[in-house]
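Asker: starting from these lines, generate the structure:
(2 chains)
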Amino acid sequence: EPEVTQTPSHQVTQMGQEVILRCVPISNHLYFYWYRQILGQKVEFLVSFYNNEISEKSEIFDDQFSVERPDGSNFTLKIRSTKLEDSAMYFCASSDSKTTGSYEQYFGPGTRLTVT
Amino acid sequence: GENVEQHPSTLSVQEGDSAVIKCTYSDSASNYFPWYKQELGKRPQLIIDIRSNVGEKKDQRIAVTLNKTAKHFSLHITETQPEDSAVYFCAASSRNTGFQKLVFGTGTRLLVSP
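Answerer: Next up, the predicted model:
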């Protein structure tokens, strides 16, 4: 069964540094998402992306965040000037409702970001 | 915006018992309600979902019920097994276009004791 993949599995960075989290969504999916989960808390929506542009973003997704689909397979989340409070697990997800009619979002394994 | 409340935060049951987790949502426009199971350190995995035009859905030992009037939905797990132990998240989404922003509840840690 196709899966969403994410790299790296764990990223440690110093406060103020830039990080790029990478995701490869399921190949025929059209809609892409980033969520984050602070340790022990609920999963929170960050941004959705369709047709090479942001569809919706949350209040968390401020100017330090950006997303990009640089080629036909990768979907990236960039965090500029990381802060301690950015430490969390970041999940990528993808879905395809147009061809399958399914609403299901498939989640990747996550990237644990630790900002020191 | 949408707000999803989930109860209880922890639930301990004996193997073979039933478990019920309840969620309420605030946005009457929400029309899709998935339930995810998350094992420690793993990705959330969809276990069952329901759309707003259906009141109940069942898949083997798990079932979900939806009451649109009261804006609440529940997950029912029967004949629980130790491998059901995990954190369960409900979510709600208003799917008016192809994409959907999932708003998650705070999670229920289910512990099934042998």
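Asker: what's across from A:Leu77 in the sheet?
Answerer: Counting by DSSP bridges, A:Leu77 is bridged to A:Leu21, A:Val67.
Asker: how close does B:Glu83 sit to A:Leu30?
Answerer: Between B:Glu83 and A:Leu30 the computed distance is 34 Å (C-beta to C-beta, to the nearest Å). Yep, even glycine has a C-beta here, placed from its N, CA and C like the rest.
Asker: now B:Ile80. Nearest residue, chain neighbours left out?
Answerer: Actually, residue B:80 is Thr rather than Ile. Spatial nearest neighbour of B:Thr80, chain neighbours left out: B:Val112 (4.6 Å); criterion: C-beta to C-beta, 6 or more residues apart in numbering or on different chains.
Asker: doesn't the one you found lie inside a helix?
Answerer: No. Counting by DSSP: H, G, I helix; E, B strand; the rest coil, B:Val112 is not found in a helix; it is strand.
Asker: just checking, it touches B:Ala86?
Answerer: No. The pair B:Val112 / B:Ala86 is not scored as a contact, 9.3 Å apart, by C-beta atoms under 8 Å.
Asker: let me know the pLDDT of residue 80.
Answerer: Chain wasn't specified; assuming chain A. On the pLDDT scale, A:Arg80 is placed at 95.
Asker: I was after chain B.
Answerer: At B:Thr80, pLDDT is 98.
Asker: likewise for the one 3 residues further on?
Answerer: Per-residue pLDDT puts B:Glu83 at 96.
Asker: next, it: secondary structure please.
Answerer: Classified using three-state DSSP, B:Glu83 is helix.
Asker: next one: the one 4 residues further on
Answerer: Remark: B:Val87 carries the secondary structure label strand [criterion: three-state DSSP].
Asker: that one and chain A, how far apart?
Answerer: 10 Å (C-beta to the nearest C-beta, to the nearest Å).
Asker: setting aside sequence neighbours, what's the nearest residue to B:Ser26?
Answerer: Nearest to B:Ser26 is B:Asn3, by C-beta to C-beta, 6+ apart, at 4.4 Å.
Asker: does that neighbour really touch B:Thr106, like I thought?
Answerer: No. Taking contacts as C-beta under 8 Å, B:Asn3 lies outside contact range of B:Thr106: 10.7 Å.
Asker: neighbour count winner among these two?
Answerer: Each of B:Asn3 and B:Thr106 has its neighbours counted (other C-beta atoms under 10 Å in any protein chain shown); B:Thr106 has more, 16 against 11.
Asker: the more buried one: helix or strand, and which one exactly?
Answerer: For B:Thr106, there is no host helix or strand (DSSP states H and E).
Asker: which parts of the least confident helix or strand in chain A by mean pLDDT are buried?
Answerer: Counting by mean pLDDT, DSSP states H and E, the weakest-scoring helix or strand in chain A turns out to be strand A:53-57, with a mean of 91. Buried residues in strand A:53-57, counted by 16 or more other C-beta atoms under 10 Å in any protein chain shown: A:55-57.
Asker: pairing partners for it, with directions?
Answerer: Strand A:53-57 sits in its sheet next to strand A:43-50 (antiparallel), going by DSSP bridges.
Asker: how about residues contacting the partner strand?
Answerer: By C-beta atoms under 8 Å, 6 or more residues apart in numbering or on different chains, the residues outside strand A:43-50 that reach it are A:30-38, A:54-58, A:60-61, A:65, A:67, A:69, A:75, A:77, A:90-91, B:36, B:44, B:89, B:91, B:98-104.
Asker: wait, isn't A:Thr82 in contact with A:Thr116?
Answerer: No. A:Thr82 is beyond contact range of A:Thr116, at 9.6 Å (criterion: C-beta under 8 Å).
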